[in-house]
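Q: With the input below, show me the fold.
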Amino acid sequence: MNDINKALELLLGKLESWGEHLILMLPNIAVAIILMIITFVIARFIRNGLDKVIGRISHSAALNNLISTILYIALLAVGFFFVLSVLQLDKVVISLLAGVGIIGLALGFAFQDIAANFISGIIIAVQKPFGVGDMIETNDYFGVIERVSLRTLDVRQPSGELVKLPNKMVFENPVTNFSSNGTRRLDLELGVSYGEDLERVQQIVIEALQDVKNRVKTRDIEVMYDAFGDSSINFKARFWISYSRQIDFVSAKSDAIIKIKKAFDANDVMIPFPIRTLDFGIKGGEKLNEHLEQLQSQLKDRSNN
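A: The predicted structure follows:
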């Protein structure tokens with residue numbers, strides 16, 4: 001019984017001590033509650049105001065929400081540490097700060113790739129080198145941007161596949177934006193026979209391309225010869241088109257090929273087939289049939305003898 005009585009006395013003494021300490025801390029607790037309420041109100045007010053300010057600067061909803069959320073959490077954390085100080089829990093504050101630092105360092109090493117994609121996404125959102133609906137090519141992928149998030153870039157390829165590219169890859173590699181200025185140059189490679197009048201062919205091609213679909217009329221058509229091929233003289237026809245979708249480029253190229261073929265047919269311009277010359281040991285300029293006739297007569301003479 002004595003042991004039980006001693007245990008009860010110790011317990012009651014401890015509870016009494018806690019009660020006295022709680023009574024002494026009541027003013028601090030009241031101040032801490034008021035301080036936390038004020039922190040919530042101020043943090044929410046600043047967050048709403050920041051949303052409006054950032055919305056005028058950046059059109060990325062994900063980035064705007066990220067910045068305002070980070071600031072909101074930071075303000076709440078500051079208020080929470082002040083509350084702990086008011087409650088005379090300084091040692092807890094120091095322990096929490098040390099723990100946050102260690103946890104942050106560990107998470108930094110464990111999720112460095114995710115962090116790299118995240119930071120790259122923030123930079124892309126700020127710089128805005130492209131937007132949803134743009135036609136781009138990057139990392140050997142070509143297609144239309146469907147979504148820009150803080151972690152990935154979603155690209156829909158012409159064949160229908162959806163590719164999710166990590167923002168780190170996009171940020172570290174070249175990106176070609178075909179929709180940046182609304183126009184694109186189309187290059188066609190062709191060849192004509194060595195027997196054609198090159199200046200005449202040049203004029204025929206220029207006239208044929210005048211009314212190609214989507215062509216920008218204010219830009220000149222360029223037809224330049226650039227190589228002697230195996231069976232043709234090769235040239236490039238260049239002209240500019242209005243470009244917003246890949247179908248604009250494909251349809252313009254198809255229309256240009258049709259018009260050039262019709263113009264060549266109408267003007268008897270020959271597009272040569274690949275030719276291979278067989279060497280029979282005949283001197284240049286001598287016809288094959290004449291040489292065969294000579295061989296045939298020689299064989300007849302030998303048979304007669």
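
Q: Leaving out the residues flanking it, which one is nearest to Val78?
A: The shortest distance from Val78 to any non-neighbouring residue, by CB to CB, 6 or more residues apart in numbering, is to Thr39 (7.5 Å). (Each C-beta comes from the backbone N, C-alpha and C, glycine too.)

Q: State the phi and psi torsions of Gly195.
A: phi -90, psi 0 (degrees, to the nearest 10).

Q: now it: how far from Ile37?
A: 93 Å (CB to CB, to the nearest Å).

Q: hang on, the earlier thing: residues near the residue nearest to Val78, how many?
A: A count of nearby residues for Thr39, using other CB atoms under 10 Å, gives 18.

Q: helices or strands up against the helix or strand Val78 falls within?
A: Counting by DSSP states H and E, the element that carries Val78 is helix 61-86. Counting contacts by 3 or more CB pairs under 8 Å, 6 or more residues apart in numbering; DSSP states H and E, helix 61-86 is packed against helix 2-57, helix 90-110, helix 112-127.

Q: Relative to Ser180, how far out is Ser242?
A: From Ser242 to Ser180 the distance is 13 Å (CB to CB).

Q: before we move on, back to that, now the weakest link among the helices and strands packed on helix 61-86, please, by mean pLDDT.
A: Per-stretch mean pLDDT for those is lowest at helix 90-110 (a mean of 60).

Q: does Asp187 really touch Ile241, like I thought?
A: No. With contact defined as CB atoms under 8 Å, Asp187 does not reach Ile241; the gap is 11.2 Å.

Q: More neighbours: which of those two?
A: A count of neighbours by other CB under 10 Å puts Ile241 above the other of Asp187 and Ile241, at 22 against 10.

Q: Using the three-state scheme, assign that one.
A: What DSSP: H, G, I helix; E, B strand; the rest coil gives for Ile241 is strand.

Q: now Glu196
A: coil.

Q: so what's the backbone phi/psi at it?
A: According to degrees, to the nearest 10, Glu196 has phi -80, psi 150.

Q: Wait, a helix at Arg218?
A: Heads up, residue 218 is Thr, not Arg. No. Using three-state DSSP, the secondary structure at Thr218 is coil, not a helix.

Q: how close does it sit to Leu162?
A: 37 Å.

Q: Kindly report the same for Phe118.
A: 21 Å.

Q: Over to Val41?
A: Taking CB to CB, one finds Val41 at 44 Å from Leu162.

Q: Low-confidence ranges, the stretch 51-200 of the chain, go.
A: 54-63, 66, 87-112 (pLDDT under 70).

Q: Counting neighbours, go ahead and name the busier of Gly195 and Ile37.
A: Neighbours per residue (other CB under 10 Å) separate Gly195 from Ile37, with Ile37 holding more: 11 against 8.
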